[in-house]
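Take this sequence and fold it.
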Amino acid sequence: MQGFYYGDSENKRRRYCLMCNVFKPERCHHCSACNRCVLNMDHHCPWINNCVGFWNRKYFLLLLFYVNVTIFYVVVFTLFDFVKAIQFDLEAYKNGRKNYKDEDVVRHIVVQVVFIVVSMLGFLLGRFTKFHIDLAFQNKTTIENLDKKQRNFRSVVSSPYF
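Next up is the predicted model:
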């Protein structure tokens with residue numbers, strides 16, 4: 001029994017949470033991980049171990065922004081070392097790896113792997129951030145985005161989350 005009708009004059013649908021035993025407003029969902037109802041719930045984030053909803057969505061978007069900035073700085077500042085490591089490997093390949101220390105080879109391999117992994121992470125996290133910023137500007141949540149009905153939601157305030 002997800003919801004039922006009360007006999008009021010407008011026949012508005014009242015939603016009731018069977019887990020919390022309370023009536024819940026529109027755009028409110030029960031999180032099974034937190035075991036509570038969350039207003040304007042977007043998703044349960046395992047990285048912050050909390051639900052992203054009405055009260056903390058701004059901070060979640062800020063977290064994504066700052067992580068993207070940090071990844072950008074890591075990529076920019078390791079780009080020079082990555083290029084040098086590639087040049088070192090090409091030179092070592094041409095010379096048959098003579099007179100090269102194993103520590104240098106290992107260090108250059110680590111630089112290359114770190115650069116490639118951080119670049120891929122930055123690409124994926126950038127797409128994830130863009131998705132959530134687009135949802136915020138549309139005043140939608142991830143749950144509502146996955147909803148088959150594709151209802152239009154109007155915000156009570158002029159700017160949804162900022």
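
following the least confident helix or strand in the chain by mean pLDDT, which helix or strand shows up next?
Ranked by mean pLDDT, DSSP states H and E, the helix or strand of the chain with the weakest confidence is strand 3-5, at a mean of 45. Remark: after strand 3-5, the chain's next helix or strand is strand 13-17, criterion DSSP states H and E.

Need the pLDDT of the residue most central in space within the chain.
What sits nearest the mean C-alpha location of the chain, by CA atoms, centre = their mean, is Phe128, with 5.1 Å. Predicted confidence (pLDDT) for Phe128: 97.

How about it, nearest residue that isn't a chain neighbour?
Spatial nearest neighbour of Phe128, excluding adjacent residues (CB to CB, 6 or more residues apart in numbering): Leu64 at 7.0 Å. Every C-beta, even on glycine, is put in place using the N, C-alpha and C of the backbone.

Would you list the phi and psi of the one you found?
phi -60, psi -40 (degrees, to the nearest 10).

now the helices: where do they sit in this structure?
57-94, 102-137, 142-146 (DSSP state H).

Of those, which is nearest Asp42?
helix 142-146 (5.0 Å; CB to CB).

Next up, the contacts around Thr142.
Thr142 is in contact with Asp42, His43, His132, Leu135, counting by CB atoms under 8 Å, 6 or more residues apart in numbering.

gap between it and Asp89?
42 Å (CB to CB, to the nearest Å).

next one: Cys28
56 Å.

Hmm, Lys24 and Arg36 touching each other?
No - contact between Arg36 and Lys24 fails when scored by CB atoms under 8 Å: they sit 10.6 Å apart.

Those two - which one has more neighbours?
Remark: of Arg36 and Lys24, Lys24 carries more neighbours, 17 against 14, as counted by other CB atoms under 10 Å.

domains for the protein, by residue range?
1-55, 57-138 (automatic domain parsing).

So for stretch 128-138, what gets flagged as buried?
Thr129, His132, Leu135, Ala136 (16 or more other CB atoms under 10 Å).

do the same with stretch 35-42
Cys37, Val38, Asn40, Met41, Asp42.
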